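[1] A predicted structure for the sequence below; I have some questions about it.
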Amino acid sequence: MDDSLTRTFAALADPTRRAILARLSDGPATVNELAAPFRISLPSISRHLKVLEGAGLIGRGREAQWRPCELRTESLAQLDDWLARYRTFWKGSFDRMDDYLGTVAPTRRKRSKS
């Protein structure tokens, strides 16, 4: 597995980090704005942001004394490309299962009526 993909999966494994990404999908935000909905300390939020930044999921800008965070989509695009291969496989598998169940289900109904 690509090292950046490993970092992306590790970053997304935490619900707080996923919530931060969801908030950033609405636009850039400061650390204080990102921390507001959580009952954890600012240093804890900062650690989460470092993980997200290390995975390439967010970037930090600089506006005077503010360091707003923003969503970066490159790592998510790489993750989506990786998942697309498996999505195709699973869709095909589910389609084949659906076809199979369509052939088995009428037979089961006939037997249960007897």
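    In hand now; what should we look at?

[2] under the pLDDT cut-off, which ranges of this structure? List them.
    Counting by pLDDT under 70, the chain has low-confidence residues at 1-2, 106-114.

[3] what residues of the one helix or strand residue 88 maps to count as buried?
    Per DSSP states H and E, residue 88 falls inside helix 74-113. Using 16 or more other Cβ atoms under 10 Å as the test for burial, helix 74-113 gives 75-76, 79. Glycine gets a C-beta too; all of them are placed from N, C-alpha and C.

[4] counting neighbours, what do you get for the closest residue to residue 49 other than its chain neighbours?
    Nearest non-adjacent residue to residue 49, counting by Cβ to Cβ, 6 or more residues apart in numbering: residue 69, 6.2 Å away. Using other Cβ atoms under 10 Å, residue 69 is surrounded by 23 other residues.

[5] distance of residue 69 from residue 91?
    35 Å (Cβ to Cβ, to the nearest Å).

[6] who are the packing partners of the helix holding residue 88?
    If you count contacts as 3 or more Cβ pairs under 8 Å, 6 or more residues apart in numbering; DSSP states H and E, helix 74-113 packs onto helix 3-12.

[7] now do the next helix-or-strand element following the helix it packs on against helix 3-12, angle only.
    Using DSSP H and E, the helix or strand that follows helix 3-12 in sequence is helix 15-24. Per axes from the mean of the first three to the mean of the last three Cα atoms, to 10 degrees, the angle that helix 15-24 makes with helix 3-12 is 100 degrees.
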